[in-house]
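In: whatever this is, show me its structure:
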Amino acid sequence: MEKVINGKTVKVNEEGYLTDLSQWDKKIAVELAKEKGIEMTDKHWEVIDYIQNKYKSEEPLSIRGIKKSGVINIKEFYDLFPGGPLKVSTLIAGIPKPKSCM
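Out: Sure, this is the predicted structure:
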């Protein structure tokens, strides 16, 4: 299915996750974040960069992995991305929902 975000038509799945990372850009990320009630900060971008790098290197993403990353502590991760931080952050990052997320 398709969705128009910030004037750009992108392919998404039934949960709203982008299905083609090449369609992602920071403007789309900002709009996706707004839909979740999130105002992006430098710390948000740092986490998004970390998540995208993990995805591109084909390393599985998990809450435990985020905790060990040194990028962010778990409390801050939950504060930055409320309502399921791994689900929300990966959606904003333009990558598929990790298998570890329900």
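In: report the contact partners of the most centrally placed residue in the chain.
Out: For the chain, Thr90 is the residue whose C-alpha lies nearest the centre (C-alpha atoms, centre = their mean; 2.5 Å). Shown in contact with Thr90 (C-beta atoms under 8 Å, 6 or more residues apart in numbering): Tyr17, Ile51, Tyr55, Leu61, Pro96, Lys97, Pro98, Cys101. The C-beta positions use only the backbone N, C-alpha and C, and glycine is treated the same way.
In: please redo it, this time with the cut-off set to 7 Å
Out: If a contact means C-beta atoms under 7 Å, 6 or more residues apart in numbering, then Thr90 has Ile51, Leu61, Lys97, Pro98 as its contacts.
In: so Thr9: helix, strand or coil?
Out: strand (DSSP: H, G, I helix; E, B strand; the rest coil).
In: excluding sequence neighbours, find me the nearest residue to it.
Out: The spatial neighbour of Thr9 that comes closest, neighbours along the chain excluded (C-beta to C-beta, 6 or more residues apart in numbering), is Glu2 at 5.3 Å.
In: beta partners for that neighbour?
Out: Lys11 (DSSP bridges).
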